[in-house]
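Undergrad: no sequence for this one, just the structure:
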């Protein structure tokens, strides 16, 4: 019988809510365990790479690891058990569920695995270096080369190139978007079913998407409604909600600023005019407000049911209502 993974590490986690990036090593080596500090082996390049890639403005010592929190960065390991090298680890040493809880509870923008073996141990799949399509909820994943001296096959310059790529990737691409609150005469709202192609995680969101350069909100929304649900000549109301959020999608990070417009319809047939599967859309559903309030499925924005009930009861607000306070998917 496999031994359970250790519940505590010889090296403390360096974590806090809302970090920009959590660097996730493979597991503590003996030098790190003795020092109770991440990447403490003086031959490990991690701390030098942080400085040269621009994550820090000076060279930090492993003993200063908790000072990284002030810069928006954290540290953990994919496995807690100390070994002389990662080859001594077993599958039971890796705890993917702990990483999922970390992402769910602390909501870092990204987790960067320092070494392919950490990612493979956690998820049971091989990864190429760089951004991953897999996510942990709204937390993006990136794989860096191992900084251990045992990883002699990868040069320092190559490691630095990937650390710099991570730093650039952590600056989300700006995206303007527009979305439709499509409500029928029975006060049901239309949501599209999105699915991550790797994890098969599902969430529901309103029709709409990114506006093209020079495209007005109305023109963008009409195009999206025609493509996604086959609705032409829609009566689009004025914007009632605004939302800004950062989300990962297909290996990219986006900072999306979006506005929501009400669109009232009668009985309509949903007939997309393009193949939506490349965009991660697999179907649709009409939801009542009661169903939205009771569901345990992921809804974006999360406050949709409450805000939509207010909108249907009170009419359009005098000023835009911010619905970005609750994080969620795109």
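TA: It's in. Treat the numbers as computed from the prediction; the structure is a model and nothing was measured.
Undergrad: Give me the three-state assignment for residue 247.
TA: Secondary structure for residue 247, judged by DSSP: H, G, I helix; E, B strand; the rest coil, is strand.
Undergrad: now swap in residue 180 and tell me
TA: strand.
Undergrad: from memory it sits against residue 260, does it?
TA: Yes: under the criterion of C-beta atoms under 8 Å, residue 180 makes contact with residue 260 at 7.4 Å. Glycine gets a C-beta too; all of them are placed from N, C-alpha and C.
Undergrad: Need the residues touching each of those two.
TA: Any residue near both residue 180 and residue 260 by C-beta atoms under 8 Å, 6 or more residues apart in numbering counts here, and that gives 206, 208.
Undergrad: ok but residue 142 is inside a strand, no?
TA: Yes: read with three-state DSSP, residue 142 is one of the residues of a strand.
Undergrad: what about the stretch 201-330 of the chain, any weak spots by pLDDT?
TA: For the stretch 201-330 of the chain, the stretches with pLDDT under 70 are 325-330.
Undergrad: Can you report phi and psi for residue 208?
TA: Residue 208 adopts backbone torsions of phi 140, psi -180, taken as degrees, to the nearest 10.
Undergrad: swap in the one 10 residues further on?
TA: Main-chain torsions, residue 218, degrees, to the nearest 10: phi -60, psi -40.
Undergrad: who's in contact with it?
TA: Here residue 218 is in contact with residue 236 (C-beta under 8 Å, 6+ apart).
Undergrad: Now residue 93: closest residue in space that isn't a chain neighbour?
TA: residue 79 (4.0 Å; C-beta to C-beta, 6 or more residues apart in numbering).
Undergrad: Now do the same contact list for that neighbour.
TA: Residue 79 neighbours (C-beta under 8 Å, 6+ apart): 5, 26-27, 89, 93-95, 118, 121.
Undergrad: In TSV: these, plus secondary structure, pLDDT and distance to residue 309.
TA: Formatted as TSV, these follow (DSSP: H, G, I helix; E, B strand; the rest coil; pLDDT from 0 to 100; distance: C-beta to C-beta, whole Å):
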residue	secondary structure	pLDDT	distance to residue 309
5	coil	54	45
26	coil	92	48
27	coil	89	49
89	coil	79	51
93	helix	87	48
94	strand	91	44
95	coil	89	40
118	helix	94	44
121	helix	94	45
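Undergrad: which one of those is nearest residue 232?
TA: residue 118 (49.7 Å; C-beta to C-beta).
Undergrad: Please compare the contacts of residue 79 by their distance to residue 156 and name the closest.
TA: residue 26 (18.7 Å).
Undergrad: Which strand or helix spans residue 266?
TA: Following DSSP states H and E, there is no helix or strand that holds residue 266.
Undergrad: Spell out the secondary structure type for the spatially closest residue to it that is not a sequence neighbour.
TA: Leaving out its chain neighbours, the residue that sits closest to residue 266 by C-beta to C-beta, 6+ apart is residue 185, at 5.5 Å. Secondary structure, three-state DSSP: residue 185 is coil.
Undergrad: Tell me how far residue 185 lies from residue 287.
TA: 15 Å (C-beta to C-beta, to the nearest Å).
Undergrad: Looking at those two, which is more packed in?
TA: residue 287 (20 against 9; other C-beta atoms under 10 Å).
Undergrad: just checking, the more buried one touches residue 191?
TA: Yes: the criterion here is C-beta under 8 Å, and residue 287 meets it with residue 191 at 5.8 Å.
Undergrad: hey, what's in contact with both of these two?
TA: residue 204.
Undergrad: Pull the contacting residues for residue 280.
TA: 194-197, 249-250.
Undergrad: got a winner among those for most neighbours?
TA: The contacts of residue 280, ranked by neighbours (other C-beta under 10 Å): first place residue 194, 21 neighbours.
Undergrad: wait, that residue sits on residue 203?
TA: Yes: with contacts counted by C-beta under 8 Å, residue 194 reaches residue 203, the gap being 5.3 Å.
Undergrad: next one: the lengthiest strand in the chain to chain centre, how far?
TA: The residue-count maximum for a strand in the chain (DSSP state E) belongs to strand 252-264. Between the centre of strand 252-264 and the centre of its chain there are 17 Å (C-alpha atoms, centre = their mean, to the nearest Å).
Undergrad: Fine, thanks again, bye for now.
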